[in-house]
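[1] sequence and predicted structure are below.
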Amino acid sequence: MDSYLLIPFLPLAAFLINILFGRKLIRDNAHWVSILAVLGSWVVSVITVEGVLHGNTVNRDLYAWISSGGFKVSVGFLIDPLTAVMLVVVTTCSSLIHIYSAGYMHGDKGYYRFFSYLSLFTFSMLMLVMANNFLQLYFGWEAVGLCSYFLIGFWYEKKSASDAGKKAFIVNRFGDFGFGIGVIMIFLTLGTLHYDAVFASVKNLIGQTVTIHLLGVQIDLITFIALLLFCGAVGKSAQLPLHVWLPDAMEGPTPVSALIHAATMVTAGVFMVARCNPIFSLSPVAMNVVAVVGAVTALFAGTIALVQNDIKRIIAYSTVSQLGYMFLACGVGAYTAGVFHLYTHAFFKALLFLCAGSVMHAMAGELDLQKMGGLKKHMPVTYWTMLIASLSIAGVPGFAGFFSKDEILWLAYSGPSPVGKFVWAIGTFVAFLTAFYSFRLIFRVFHGKFRGSHEQEHHLHESPKVMTVPLMLLCVGAVASGWVGVPQLLGGGAHFTEFLKPVLGHLEGEGTRSEEWMVMAISIIAGLSGIGLAAFVYLREGDLAAKIAQNFSFVHRVLWNKYYVDELYDAVIVKPTIWTAKNVIVGVTDGKIIEGVVNGVPRLIGRFSSRLRNIQTGMVQQYAAVMAIGAFFVIAAVLLWQ
Amino acid sequence: MPMPDIRPLVPEIVMACLAMLVLILDLVVKRKGIIAVITMISAFVVFYALFGGVRGEAFSGMFVSDGYSVFFKIIFLISLVLTTLISVRYIEIEKVNFGEYYSLMLFSTLGMMVMASAGDIIVLYLGLELMALSVYVLAGFFRHDTRSNEASLKYFLLGAFASAFLLYATSMIYGLTGTTNLRAIAQYLATHGIEDNPATMLSVMLFVVAFGFKIAAAPFHMWAPDVYEGAPTSVTAFMSVGPKAAGFAVFGRVFLIAFGNLQINWVGILIPIAILTMAVGNIIAISQTNIKRMLAYSSIAHAGYAMIGLVSGGSEGVASMMNYLFIYAFMNIGAFAVVIMLRTEGFKGENITDYEGLAKSHPLASALMLVFMFSLTGIPPTAGFVGKFYLFLAAVNAGYTWLAVVAVLFSAISAYFYLRIVMFMYMKEPKGEVKLSASSSTGIALAVTATAVLVIGVLPSGVINMARAAVLGF
Amino acid sequence: MLAEGIFAYLAAAIIVLSILVVTRRNPVHSVLLMLLLFFHIAALYLTLDAEFLAAIQVIVYAGAILVLFLFVILLLNLKEEMVVSRYIGPWPLGLMAALGLLFMITLSLRSFVAGPSGQITAALIKTETHTKVLGKILFTEYIYPFEIVSMVLLVAIIGAIVLAKKKLRS
Amino acid sequence: MIPLNWYLWLSAVVFIVGVAGFLTRRNIIIMFMSIELMLNAVNISLVSFSSFLNDMRGEVLVFFVIAVAASEAAIGLGIIIALFRNRATARVDEVNEMRG
Amino acid sequence: MPIENSLGFPVLSTLIFLPVVGAAIILLISRKQESLIKSVALLTSIAAFLLSIPLFTDFDKSTHLMQFVEKRQWIPSWNIMYSLGVDGISVLFVLLSTLVTILCVLISWNAVKTKMKEFYISLLILEGAMIGVFCSLDFFLFYIFWEAMLIPMYLLIGVWGGPNRVYAAIKFFLYTLVGSVLMLVGIIVLYFYGGRTFDILQLATRNYPYELQFWLFWAFFAAFAVKVPMFPMHTWLPDAHTEAPTAGSVVLAAVLIKMGAYGFLRFSIPLFPEAARAMTVPMMVLSVIAIIYGAIVCLAQTDLKRLIAYSSVSHMGFVTLGIFAMNVQGLEGGILQMLNHGVVTGALFLSVGVIYERTHSREISDYGGVATVLPIYAAFFMVFTLASIGLPGLNGFVGEFLIILGGFTASKWAGAFAATGIIIGAAYMLWLYQRVFFLQTNQKVAGLHDMNMREIITLVPMIVLVFWIGIYPNTFLSFMHPSVQHLLERVYSGGQGATYAGQIAGLIK
């Protein structure tokens, strides 16, 4: 019995129940419906993953979705090791965040609506992950985009929230534009959209080129397709050109940020690149582009995170940075390392967000870390879980982050990819930055004295059980998830890579064992020095950070304004389009030219008619004269024309 | 000289006697309604005589009773009956309720019948004069109204001027061919090769001028707006259908029989005239404020469309022209009937603005006007479209596709001023309280015209076959 | 020779008289000149041996129609007629149109070729007198138009009464 | 024998004088007389054709034209009297109440 | 030859004349019994819908031949037959028309107060004429229905419209009339070239010289492009929509606009294959301009209905792109998108009607925070907004994806530019949704009551259709396969026009 169907359709059922009967019947206990559904799908997915462990993958079509002429697409499910990993990640994070948000969203008037959107999101993510063809992937792709639009703009009264939701959806649409064309190109060249058929026949596309007419440019076909698909990934996973929507997405409730903008949706891009590794690996150019974009984004986001004061914004930029890492890994060919980092990152990033959520909960919605400090004694559980998460992200050995980050850096360094060394250097530097800003956050929030307003101080309290239990569970995940993929070097079985080998293949680093030790040492030093520097700057008295900000004021301002990317897009794309709409189109072409002709011609005929009308003067002689002249011309025409 | 066979003449003779009978009865009968009824009965009697009677030539070719003339006579009788229906109440309101009105109408119809069946230019001239004189008097029937006097004066002066041209042309043709019988002229012109003789050309063109005046074609149309506006509305209705159809009958017969093989020259002249007529009619109508004057220009435009049938020539062309005039009679008189209904005690109802909000106060009347307006524009479910369609069919068949395109664009322009009336009626709020002078006879006329317009619009094959059969006898 | 002389005189007289009729300021003078013109036209008909028509011309045109004109002219107040200018504003336009037509007609008359000649020769008319010949044809071949003319005259009478009679009972 | 063309030119000239009179004169009666002139011109040409073609058809038409001219005169003068009765004018340029 | 009428009784004629009979019945009812008038109108429209269901169920999807055919002598002298029939392309639109009319009657239940009798008469006659256009197989009959449809629509806009209705009505009428009179001359010329027959199927089998095809294509283009509306001739649409009453703009958006595209499919392409193929380049350029132009101009709109009107210019740009891509995906996508657009934009106008009935204002600035006041309405509007921007899983996506796929096969540039249309589409629709439903609750909207049962019943069929086409589009796509296949066989059946078209299309592939 294909029980795997239950995985996506349980949350879908929960969504329908909540949205239809939520307002009147269920109202405040809407969370039970959603939690049960997500836990149910978690159980079934564990069983399915266990089945996949034993080797029986699934690839079946449910029904024929669209069939028009040669274009046949169906709704189908493919469960293989990659899907299994994603299933675990999505369902686990989703369940924990469902439980957490039961507490966090308590008392909100749109309570049932929130849970219905969460279930809808889970359904869409699972459909995306379990798809067996590109079109269903596209369906999931846009559906998660929709849910992020709903959830970011959940408190729609706030203009900033609804703006952020709208911005997220539109920016995603830019990415989906490229992704859609990529899917079409795949169909045009290979005749089918089903994964297995596409990946099997992509080999015979090697060497073919596609000519872009009018520009007269010849591009290698596979690179063209790979880059188009990567456009989608860039949009969805907020990589450099299209990252602007993620920081604004923090307007949504914190569980949303945790689930969507940390653990699951943003990783969809990485999942897609990993899933399409046969295509990407056949085009070295595309691989390099992915690697470089990943690295640059990681650096870019890491630098911005240094100076931000809003704790959720810092974690958001750190997510963008870590995603850069994953793309870096895929770019150099280490897909398994990328997915492994995705796997571990989901846990500790979700944990970081939820801790931030509980801090915000305690500080009555305050987010600015300058107004915090010394929360350690008031919120011990949150402090310890957040500390562990930060240690994990900083890459301190023993924690999950270390194993996945180290794997990526090692394979980048030793891998065949031409940009490997350059990308490895950036990666190490970013590791240092990550450690620094993570611990800047810990020290400014939990250590030192309280800088907030008085009544905020006595309002401080630890979050209720329903929120702290998920934190602890996630904390276990943040640590234990790394142990699955301990490399041979440290005597580990690298089970993770073995598990994913059939789908993603395995990249053997050529370096010697000593080089491997050297790379690992360097990454550890980078992490620890980051933590030390943060402690040095923020734990001692005297405002060292402010002094640094003064003399590097220009750099500080640039970073503070996020390299002015938002303003740039606004000036280059949004303003001119609306200006052309208002003045050029409504004003000129529609207003003047077309309307001019459409109203002009009848007005012209009207004026001509009133002038002609005055010829009729009422004088009989004039009529007779016209008749005589008419007769004259008629006769003249015939006689002279002969 | 044996007694000439006058059996084909029976309809004309009956009409003449009944006209004189109506004149005499006018002395005896006080209530003029009865006179009107008698007029209609006489029309039906003639109608019966027409169908029952014998076809053929009489008076050695001067009188020709063939399918062509019978079809036109049917149009004349229909316009006579419908005009009588709508004028019963109207001339009562205008307090000019004399019996002579009906007898003059009968005489005018007699004149038209003579014209339609004239095989000789002399008879044609006399028929034309008979019709014209009676219509001059009818135009001036409101003796007390200066506008009616002015209308009849203008119509008379310009009519006499045009008939002088006609006579000069006749004398020229008589000088050239020695005969005034149409078939003899054609035969003579063919055998003696004086086709492109300037004198022949001159006379043909003078004929174009004379008949152009009668059907109000473009350069000779100036009289029409003033006369249509000044004359009593029922007479305007009669004038815009009867004499115009007679003008076309004569135009067709003279040009297609007598000057049949001179087709290349006079068609070359008639095409620009047709286009000019359509242009003048449609464009000037747009800026009119008086509804009768607007309908005058629309009638000029419709003369332009009918000329396309004439220009296309051949049996298809003539049949389409006849079919169009038949349909035009119904929709035009229908429109005028509604205009007449608006004429009540102390309310002229001739300005277009008087129609504001008519749909709210009198939904039936405005619905009928809507039907007529859409039919005059040529929108499909109505007869107007069928008429125009057949014209364009004939034009394209004769190779004048571009002329069809021009005509089609002009009929699109005409939509503007016809819809202005519909717009005033339906889309504007009524100003004051408008009450209509509804009478049973006008009601019957409206019913007849409206059903005719809609039925022919949906089932046109009856009229088309009749027109085609009529042309066979040509 | 004599015939040309008579024709020349008559033609000249007719043309001069017609121009005078059209240009005189006083309508009464115009009517009298018209009378003279009709007599000359009658004379012209005589030269073309159409005596009956000459008689009709004199009796109907000169006698009846001009008398009618005279009555109506007497209705007008002549004083006012004399003061005001006799031609309408744009009269040169009318004149030019007329002359244009004249040019056209003369252009086409130049190549005029007469039609076939019939049987009723001048000699026959002399022997049988013009009235008899005309009467015979009129009442045999042209009986149909003759009847129509009677209708036309009847309509004229009705029309004149309807338009001009002072008070019509209704 | 006087050639036919002379007669035709005579009738053409008189016809055009009639047309000129009709187009230029202000007084309605004079316009009316101009029309009579035009009809007489046509009569002249008809009679001349008749005599040259030795055929009576022209003269019959002249006979009818004279009759019609008489009836036209009757009706025309009737109209003028009716107009005169309403507005004491015989000038045609004042008779332009309807225009446009 | 078309297969015999499988239903026995002449279903198409009854479908056309049932509403007309209903209108006649209403004519007889006195003006005062308003509820009687309304119920007769509703019953007639429901009866018409039920009658059209056998068209859906008994339709034989395996053949391209015409079905439910009726053929009777009408005007023998011109060889005109009263012949009706539907095939894969037109059957869906007949269903759409009958369904939309029911919704229009429901939505204007108490929206129309003045001259209600004439309103329902015009609406029903309009429905009859619309179905007539889709079913007629004789050019003369087609033209009669094509123009007959103008009169009721003119009255609907002109009499019951908004403040500037008179200008909009006359503009609509003249725009369409000028276009269709040129088509009339085209039909007559075709009548003579095609061997004196108006029968479309017969005419479609003949080959005409390329020169003639070229001119006739542009004559027909004049009529259909105005109706679609394609780029340069679209300015009547926003005026007609903003001024028309709710029912009027729903019918206009859902069905009337489809006739232009249907005209291309039924006449321009099969009758003039070479010209159509040669003209694919200008047509696709115009469609792409329409898509982007229509989408961008929506960003500058402040009037609710005007924005949706311009959005339908953009959507119809997709349809014409699909049609003139001249391949299976493009054509089927085009036809499906015509259906989708009818459902979605029709629903959007119905929803605007619902809110307009309460606030009587079309200015977006008068709204804000409607979601808090009318949550059910907000949910309905959200589904239609998402369908309009082509969210996968809803009906918009299937059509648009197939069109872009078809467009892409025809020429990469066209496909790429069309795809940008989706981005701008998302921008203006979501911005509209935000300004109307989110943000602070505007005072004007504060006290409104949510949708009542009647309004919900009006919108539910549209919701069902949106999800049905989105999730399982094959029920509708399977109708079209044979007909589209037949159409393409006709288009690519050779003729020197093909080479000419080949070079150009190749140039911009």
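    Sure thing, it's come through. Numbers count the residues shown, from 1 in each chain, chains lettered A, B, ... in the order given.
[2] does chain E have contacts with the helix of greatest length in chain A?
    Ranked by residue count under DSSP state H, the longest helix found in chain A is helix A:159-190. Yes: legend: contact between helix A:159-190 and chain E by C-beta under 8 Å from any C-beta of the partner chain is shown at A:159, A:162-163, A:166, A:169-170, A:173-174, A:176-177, A:180-181, A:184-185, A:187-188. All C-beta spots, glycine's among them, are computed from the backbone N, C-alpha and C.
[3] who wins for neighbours among those residues?
    Counting neighbours by other C-beta atoms under 10 Å in any protein chain shown, residue A:180 leads these with 30 neighbours.
[4] which residues of the chain score low on pLDDT?
    Going with chain A. Applying pLDDT under 70 to chain A flags the ranges A:1, A:542, A:642.
[5] for it, which strand is longest?
    strand A:58-68 (DSSP state E).
[6] may I see the buried residues of that strand?
    For strand A:58-68, the neighbour count (16 or more other C-beta atoms under 10 Å in any protein chain shown) marks A:58, A:61, A:65, A:66, A:67, A:68 as buried.
[7] rebuild the residues you listed as TSV, extending it with distance to chain C.
    Below are the buried residues of strand A:58-68 laid out as TSV (distance: C-beta to the nearest C-beta, whole Å):
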residue	distance to chain C
A:58	99
A:61	90
A:65	82
A:66	77
A:67	79
A:68	73
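[8] mind checking how far the closest residue to residue B:413 other than its chain neighbours is from chain E?
    Closest residue in space to residue B:413, ignoring its immediate chain neighbours: residue B:282 at 4.8 Å, by C-beta to C-beta, 6 or more residues apart in numbering or on different chains. Distance, residue B:282 to chain E, by C-beta to the nearest C-beta, to the nearest Å: 13 Å.
[9] ok, then the element right after the lowest-mean-pLDDT helix or strand in chain C?
    Scoring the helices and strands of chain C by mean pLDDT, DSSP states H and E places helix C:78-83 at the bottom, with a mean of 71. Under the assignment DSSP states H and E, the closest C-terminal helix or strand after helix C:78-83 is helix C:91-110.
[10] can you list the neighbours in contact with that next one?
    A:621, A:624-625, A:628-629, A:631-632, A:635-636, A:639, B:198-199, B:201-202, C:88, D:5, D:8-9, D:12-13, D:15-17, D:19-20, D:22-24 (C-beta atoms under 8 Å, 6 or more residues apart in numbering or on different chains).
[11] next, the buried residues of it.
    Residues C:91, C:93-98, C:100-102, C:104-105, C:107-109 are the ones in helix C:91-110 that count as buried (16+ other C-beta under 10 Å).
[12] then stretch E:291-311?
    So for stretch E:291-311, counting by 16+ other C-beta under 10 Å, buried means E:291-301, E:303-311.
[13] so which of these are in helices?
    Reading helices off these with DSSP H, I get E:291-298, E:304-311.
[14] circling back to that earlier point, just give the number of residues close to the residue nearest to residue B:413.
    28.
[15] from residue B:415, how far out is it?
    10 Å (C-beta to C-beta, to the nearest Å).
[16] same deal with residue D:49?
    For residue D:49 relative to residue B:415 (C-beta to C-beta), the value is 51 Å.
[17] what lines up beside the longest strand of chain A in the sheet?
    strand A:71-79 (antiparallel) (DSSP bridges).
[18] tell me the helices and strands packed up against the helix or strand that comes right after the partner strand.
    As assigned by DSSP H and E, the chain's next helix or strand after strand A:71-79 is helix A:81-104. Packing partners of helix A:81-104 (3 or more C-beta pairs under 8 Å, 6 or more residues apart in numbering or on different chains; DSSP states H and E): helix A:30-53, helix A:111-130, helix A:254-258, helix A:268-275, helix A:335-362, helix A:465-480, helix A:495-504.
[19] including distance to chain D, could the ones you listed go into TSV?
    TSV is the format used below for these (distance: least, C-beta to the nearest C-beta, whole Å):
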stretch	distance to chain D
helix A:30-53	77
helix A:111-130	69
helix A:254-258	74
helix A:268-275	75
helix A:335-362	81
helix A:465-480	87
helix A:495-504	88
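[20] among these, which is nearest residue A:579?
    Smallest distance to residue A:579 across these (C-beta to C-beta): 32.2 Å, for helix A:268-275.
[21] give the buried residues for the helix or strand harbouring residue A:613.
    Per DSSP H and E, residue A:613 falls inside helix A:595-615. Going by neighbour count (16+ other C-beta under 10 Å), the buried part of helix A:595-615 is A:598, A:609, A:612, A:613.
[22] let me know the closest of these to chain E.
    residue A:598 (5.6 Å; C-beta to the nearest C-beta).
[23] residues contacting the closest one?
    By C-beta under 8 Å, 6+ apart, residue A:598 lies in contact with E:171, E:175, E:235, E:236.
[24] 7 Å instead, please
    residue E:235 (C-beta atoms under 7 Å, 6 or more residues apart in numbering or on different chains).
[25] chain D: helices as residue ranges?
    D:4-24, D:28-53, D:57-86.
[26] reformat the ones you listed as TSV; add distance to residue B:443 and mean pLDDT.
    TSV is the format used below for the helices of chain D (distance: least, C-beta to C-beta, whole Å; pLDDT from 0 to 100):
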stretch	distance to residue B:443	mean pLDDT
helix D:4-24	45	93
helix D:28-53	42	93
helix D:57-86	33	92
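[27] so which of the ones you listed is nearest residue B:8?
    helix D:57-86 (21.7 Å).
[28] roughly how far apart are the residue nearest to residue B:413 and residue E:81?
    Remark: distance between residue B:282 and residue E:81 (C-beta to C-beta) = 33 Å.
[29] what does the stretch 401-550 of chain A have sitting close to chain D?
    Contact residues (C-beta under 7 Å from any C-beta of the partner chain) of the stretch 401-550 of chain A with chain D: there are none.
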